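1. Any chance you could fold what I've pasted below:
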Amino acid sequence: MEHNTRLAQNSGFLERFFKLSEHNTDVKTEVLAGITTFMTMAYILAVNPDMISATGMDKGALFTATALSAFVATLIMGLLANLPFALAPGMGLNAFFTFAVVLGMGKTWQFALTAVFLEGIIFILLTFLNVREAIINSIPANIKKAISVGIGLFIAFIGLSNSGIIVQGGGTILEMGNVLTPVALLTLLGVVIITVLLALNVKGALFIGIVATTLIGIPMGVTDVSNAGFFSKPPSLSPIMFQFEFDKIFTLDMFVVLLTFLFVDLFDTVGTLVGVCTKANMLDENGRVPKAKQALLADSIGTTVGAFLGTSTVTTYVESASGVTEGGRTGLTAVTTAIMFLLALILSPVFLMIPGAATAPALIIVGLFMMSPIKEIDFEDYTEALPAFITMLFMPLTYSIANGIFFGIISFVVLKLLTKKTKDVPLLTLVLAIMFVIKIVFKF
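-> Residues are numbered from 1 along each chain as shown. Next up is the predicted model:
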């Protein structure tokens with residue numbers, strides 16, 4: 001009796017704090033959505049340390065830094081912005097950190113971490129000055145819808161690529177992989193399982209599908225249980241924590257690297273917030289992201305903390321769409337995901353056992369869900385249709401949300417000006433287009 005009373009009180013607190021009823025959701029739905037989001041992005045716990053360790057950084061310490069930075073940033077997102085988005089060191093940004101800055105330019109990883117730290121500080125200042133929020137609001141309505149669709153195509157492409165169903169071609173850019181491999185077959189089976197569950201209106205279809213696919217992967221030899229266990233001690237952060245080269249702050253190389261981090265992270269985050277909010281019908285009556293300032297602050301603080309801990313730029317993840325698809329609408333989803341990242345520090349053998357073939361089906365299905373705003377795009381006006389099309393197309397084909405936004409807005413402004421529809425182009429949108437052209441021309 002006392003236990004049930006305590007549960008009711010806790011539920012009441014969560015209801016009031018996260019405004020669950022106001023968002024048409026409940027504790028069970030939010031928690032399930034948070035776990036689903038974590039499962040679709042848990043790969044970063046293995047991928048990020050593996051990639052960045054090529055710079056000479058300690059791989060074990062990177063695992064701890066990845067989990068902790070994701071925990072801090074996602075927790076802030078949930079508590080401060082009350083939005084169902086998860087954050088972690090970003091794919092693409094970690095590749096730039098490793099292969100461009102350190103291995104390409106020959107800089108130390110301490111130099112790269114310094115750039116990430118400066119990026120976080122600058123983003124915190126820009127957020128308080130409302131600059132980042134103003135940029136979000138300056139994106140044209142049809143491009144906002146196209147961003148959602150483009151992210152859907154991008155997510156589905158990631159799932160198909162991770163499973164080996166789509167591979168780099170020999171005589172072509174891309175081609176069909178061997179769909180008879182265990183990994184590809186398990187992915188396709190996972191897609192069927194999730195689709196059937198969705199068709200039957202089973203609550204938690206994505207989560208159940210991931211678990212079921214993981215278990216089926218054991219006899220198929222895809223799910224690795226050789227290191228199966230539950231608890232492990234988190235590796236120490238000491239080899240990479242608080243490692244900066246502040247004497248290099250005022251160099252030209254630092255300026256170029258910092259500018260690249262700023263541009264890519266800004267528009268990756270903006271694109272994710274706009275795209276997922278559009279899909280979930282979470283934009284307000286003016287087409288704006290709710291509590292955008294708080295959401296961007298979570299991203300900024302996450303990046304700063306991540307640099308202190310010793311990892312690359314922290315950004316909002318497109319995989320958050322999987323939790324939104326499961327019904328996640330509030331910060332309780334994000335808090336749940338954050339707790340999962342914290343648990344991953346001591347339960348890493350369990351979480352790292354989930355194969356990519358088990359999360360790929362969820363990404364493919366989420367890609368399908370993200371397509372729905374395409375019905376609302378104005379395809380009759382070519383000055384609206386082409387920029388939207390370019391935005392959608394460039395995201396998966398260039399493997400970058402930011403690139404889709406860059407070329408979408410540039411084409412929007414150019415077409416509007418050439419057709420004398422200047423009233424459709426706000427001043428800030430014009431400024432952004434000019435900045436994007438400069439970025440592309442000078443390749444920073």
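
2. Where do the strands of the protein begin and end?
-> 87-89, 166-168, 174-176, 314-316 (DSSP state E).

3. quick one: residue 78 from residue 125, how far?
-> 23 Å (C-beta to C-beta, to the nearest Å). In short, each C-beta sits where N, CA and C put it, glycine included.

4. And the longest helix anywhere in the chain, what does it pack against?
-> Longest among the helix segments of the chain by residue count, using DSSP state H, is helix 252-279. If you count contacts as 3 or more C-beta pairs under 8 Å, 6 or more residues apart in numbering; DSSP states H and E, helix 252-279 packs onto helix 93-95, helix 109-128, helix 131-137, helix 141-162, helix 292-309, strand 314-316, helix 320-325, helix 401-418.

5. By mean pLDDT, which helix or strand of this structure comes out lowest?
-> helix 2-18 (a mean of 67; mean pLDDT, DSSP states H and E).

6. Averaged pLDDT, the longest helix of the chain. What do you get?
-> Throughout helix 252-279, pLDDT has a mean value of 82.

7. and that helix, which residues are buried?
-> By 16 or more other C-beta atoms under 10 Å, the buried positions in helix 252-279 come out as 254, 256-258, 260-279.

8. and what of stretch 104-119?
-> Buried, per 16+ other C-beta under 10 Å, within stretch 104-119: 107, 109-119.

9. what sits up against it?
-> Contact with stretch 104-119 is made by 52, 55-57, 97, 101-102, 240, 243-246, 248-249, 253-254, 257-258, 261-262, 265, 303-304, 306-308, 310, 312-313, as judged by C-beta atoms under 8 Å, 6 or more residues apart in numbering.

10. OK, contacts around residue 370?
-> 148-149, 151-153, 155, 275-276, 279, 321.

11. next one: phi and psi at it?
-> Main-chain torsions, residue 370, degrees, to the nearest 10: phi -70, psi -10.

12. Flag the shaky bits of the stretch 151-300 of the chain, pLDDT-wise.
-> 227-230 (pLDDT under 70).

13. so who does the closest residue to residue 428 other than its chain neighbours touch?
-> Of all residues not flanking residue 428 in the chain, residue 138 sits nearest, at 4.0 Å (C-beta to C-beta, 6 or more residues apart in numbering). Going by C-beta under 8 Å, 6+ apart, residue 138 touches 426, 428-429, 432.

14. ok, now which ones touch the residue nearest the centre of the chain?
-> Note on the chain: the residue nearest the mean C-alpha position is residue 317, at 1.3 Å, using C-alpha atoms, centre = their mean. When the contact criterion is C-beta under 8 Å, 6+ apart, the partners of residue 317 are 37, 41, 44, 85-88, 90, 272.

15. Any chance of those in TSV with distance to residue 173 as columns?
-> Compiled in TSV, the contacts of residue 317 are given as follows (distance: C-beta to C-beta, whole Å):
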residue	distance to residue 173
37	31
41	27
44	26
85	32
86	31
87	31
88	29
90	24
272	26
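
16. is the nearest residue to residue 161 once chain neighbours are set aside in a bridge, and if so with what?
-> Among residues not flanking residue 161 along the chain, residue 167 sits closest, at 7.5 Å (C-beta to C-beta, 6+ apart). Counting by DSSP bridges, residue 167 forms beta bridges with residue 175.

17. isn't residue 167 right next to residue 181, touching?
-> No: the pair residue 167 and residue 181 fails to qualify as a contact (C-beta atoms under 8 Å) at a distance of 10.6 Å.
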